[in-house]
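*Asks:* would you be able to build a 3D model of this:
(one chain, ligands or ions: 1)
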Amino acid sequence: RAADRLLTVDSINTHYGESHILFDLSLAVDSDEIVALVGRNGAGKTTTLRSIMGLTPATDGTITKNGDPIHDLDPHEIRKRGLSWIPEERRVFGSLTVEENLRLAAHSGAGDQSDTFEEIYEQFPRLDERRTQKAGTMSGGEQQMLAIARALLGPETDLLLLDEPSEGLAPQIVDDVVDIIRELNESGVTILLVEQNAEMALELADRAYILETGEIVHESAAADLLDDRETMEGYLGVK
Ligand code: ATP
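*Replies:* From the prediction side, this is the model:
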């Protein structure tokens, strides 16, 4: 399956100043997969995504995209290699309209546009209906949809890094977000999903990794992990 390998993270170590956060962390994502990275608060999930995007570069180890090393590149160069990241806090501008939010994202991703506004509105009809609505007045699920749309503008995206898309959302809205992520994946976007909501992530994902204090401690098919109640409880505190 080597030809299908989209992202390889091989033995990276990441620090914040003197604090050593990620320890020889390795993971892989194949084309068209949804891969979940789960773990408790502070395990290093966000840091893993930040290292992949070059925002908090790893101090050693290698990261490759389609076989090419990317760990020495700047974040905007990494973005041009087809990776896009949606941070936990989503970063939609509440006082701006949907359309203005999209314009800003398109502007900051300057250069070759792949998904145009019209393609985005076609893919997300709910945003089309709300072009002039202020983003801050939309539901959490709609804001997550807008955050995803923003991430797809700019250079072509084939790998989306999603940080806690369910955070702060009511269970019903989480279901909407699950549908959005599934549809996005079916449209050809590979997804690396970080979640504290392990059940949600594992129902969505093909494969899963558990991160504990900066180390990968478990790797399996997502469905197998969901059935493995001992591991779920031991590492994730899920009863
Ligand atoms: P959460 O689910 O709570 O967001 P996480 O698994 O995403 O947790 P990280 O945010 O990656 O975990 O944090 C991993 C560790 O790194 C934590 O101990 C955190 O306190 C520490 N950390 C995160 N950001 C910084 C920073 N900017 N400076 C110093 N330490 C940091």
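*Asks:* surely residue 62 and residue 72 touch.
*Replies:* No - using C-beta atoms under 8 Å, residue 62 makes no contact with residue 72, being 9.5 Å away. C-beta: built from backbone N, CA, C; applies to glycine.
*Asks:* who has more neighbours, those two?
*Replies:* Of the pair residue 62 and residue 72, residue 62 is the one with more neighbours under other C-beta atoms under 10 Å, namely 15 against 12.
*Asks:* buried ones in whichever strand or helix holds that one, by neighbour count?
*Replies:* Assigned by DSSP states H and E, residue 62 belongs to strand 60-65. Across strand 60-65, burial judged by 16 or more other C-beta atoms under 10 Å covers 61, 63-65.
*Asks:* can you give the contact residues for the helix or strand just after that strand?
*Replies:* Using DSSP H and E, the helix or strand that follows strand 60-65 in sequence is strand 68-69. Residues outside strand 68-69 that contact it (C-beta atoms under 8 Å, 6 or more residues apart in numbering): 62-63, 81.
*Asks:* okay, now the closest residue to residue 22 other than its chain neighbours: neighbour count?
*Replies:* Nearest non-adjacent residue to residue 22, counting by C-beta to C-beta, 6 or more residues apart in numbering: residue 14, 4.0 Å away. When neighbours are counted by other C-beta under 10 Å, residue 14 registers 22.
*Asks:* and residue 14, its phi and psi?
*Replies:* With angles defined as degrees, to the nearest 10, residue 14 sits at phi -130, psi 140.
*Asks:* on that earlier part again, pLDDT of the strand holding residue 62, averaged?
*Replies:* The pLDDT scores in strand 60-65 average 98.
*Asks:* direction included, what does that strand pair up with?
*Replies:* strand 5-16 (antiparallel), strand 68-69 (antiparallel) (DSSP bridges).
*Asks:* out of those strands, which comes closest to the ligand?
*Replies:* In terms of C-beta to the nearest ligand atom, the element of these nearest to the ligand is strand 5-16, at 3.3 Å.
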